[in-house]
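[1] Need a 3D model of the sequence below.
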Amino acid sequence: MATLTLTQFLSLDGVHQAPGGPDEDRTGGFEHGGWTVPYADDDFGQFIDEVFARPTAFLLGRRTYEIFASYWPHRTDPADPVATKLNALPKYVATTTLTTADWSGTTLLRGDVPQEVATLKERTEGEIQTHGSGGLARTLLDHDLIDTLHLLVFPVVLGTGRRLFSEGTRPTAFRHTGGRTTSTGVTIHTYERAGRPTYGSY
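    The predicted structure is shown next:
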């Protein structure tokens, strides 16, 4: 049975929207697209390379898939660890709008997404990775389907934008299993799902 990991970029106030470019996602009038770019450095690149050394498949939301599909199929350098894995491995896309997908190795999940993902985990070995895909990630979190979180928190407050842990997110406890800080101040934390929160009193 596969484990499902989520790698997500977050601002200090929890925003995940449009980290990679001004026009990536302007939904809701969002004007801060590309907010992660000034913080990219060798430490950040090394972590991403480590992540992409592990997957056996990818699970993406529709918007993230379309962003990836417009770029990565054109990157053919065999020494590029990200392009190599994304182009070669199976990609599963949770969507209600796409009817076809041209990127080789893509399968559309158009039914009951939590059930389809649970089945996918059961019949897949290794590590299925979700990157970005905030709406899908929220659904997966609410059904206890994500086993590991890699949260990259950038030292910037945006004030507006879509948040990963918004009101109504299912209460879940996690165990911190790793952390580091890049030269530009990005904190990278890894958490393993540990069940429901416990409570006490001081």
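
[2] Helices of this protein, residue ranges please.
    Taking DSSP state H, the helices of the chain run over residues 42-51, 62-69, 81-88, 113-123, 134-142.

[3] need those helices in TSV with mean neighbour count, can you?
    (Glycine included, C-beta is placed from N, CA and C.) Converted to TSV, the helices of the chain look like this (neighbours: other Cβ atoms under 10 Å):
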stretch	mean neighbour count
helix 42-51	15
helix 62-69	20
helix 81-88	17
helix 113-123	15
helix 134-142	20
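
[4] so which of these comes closest to Glu24?
    Set against Glu24 and scored by Cβ to Cβ, the helices of the chain come closest in helix 62-69, at 6.3 Å.

[5] Serialize the helices of the chain to CSV and add fields for mean pLDDT and distance to Arg175.
    Formatted as CSV, the helices of the chain follow (pLDDT from 0 to 100; distance: least, Cβ to Cβ, whole Å):
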stretch, mean pLDDT, distance to Arg175
helix 42-51, 97, 19
helix 62-69, 95, 27
helix 81-88, 96, 27
helix 113-123, 97, 20
helix 134-142, 95, 15
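
[6] where exactly do the strands run in the protein?
    For the chain, the strands defined by DSSP state E cover 3-11, 57-61, 91-94, 106-109, 127-131, 148-154, 173-181, 187-195.

[7] Generate JSON lines for the helices of the chain, with distance to Phe30 as supplementary columns.
    JSON lines is the format used below for the helices of the chain (distance: least, Cβ to Cβ, whole Å):
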{"stretch": "helix 42-51", "distance to Phe30": "22"}
{"stretch": "helix 62-69", "distance to Phe30": "13"}
{"stretch": "helix 81-88", "distance to Phe30": "25"}
{"stretch": "helix 113-123", "distance to Phe30": "24"}
{"stretch": "helix 134-142", "distance to Phe30": "12"}
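
[8] is it true that Val156 touches Leu12?
    Yes: the criterion here is Cβ atoms under 8 Å, and Val156 meets it with Leu12 at 6.4 Å.

[9] Those two: which has the busier surroundings?
    More neighbours surround Val156 than the other of Val156 and Leu12, with 17 against 12 (other Cβ atoms under 10 Å).

[10] ok, and the closest non-adjacent residue to the more buried one?
    Closest residue to Val156 apart from its sequence neighbours, by Cβ to Cβ, 6 or more residues apart in numbering: Ser11 at 5.3 Å.

[11] on that earlier part again, turn the strands of the chain into a markdown table, columns for mean pLDDT.
    Output for the strands of the chain, formatted as a markdown table (pLDDT from 0 to 100):
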| stretch | mean pLDDT |
| --- | --- |
| strand 3-11 | 98 |
| strand 57-61 | 98 |
| strand 91-94 | 97 |
| strand 106-109 | 97 |
| strand 127-131 | 98 |
| strand 148-154 | 98 |
| strand 173-181 | 98 |
| strand 187-195 | 98 |
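
[12] for these, which one ends up most surrounded?
    Sort the strands of the chain by mean neighbour count, taking mean count of other Cβ atoms under 10 Å, and strand 57-61 sits at the top with a mean of 25.
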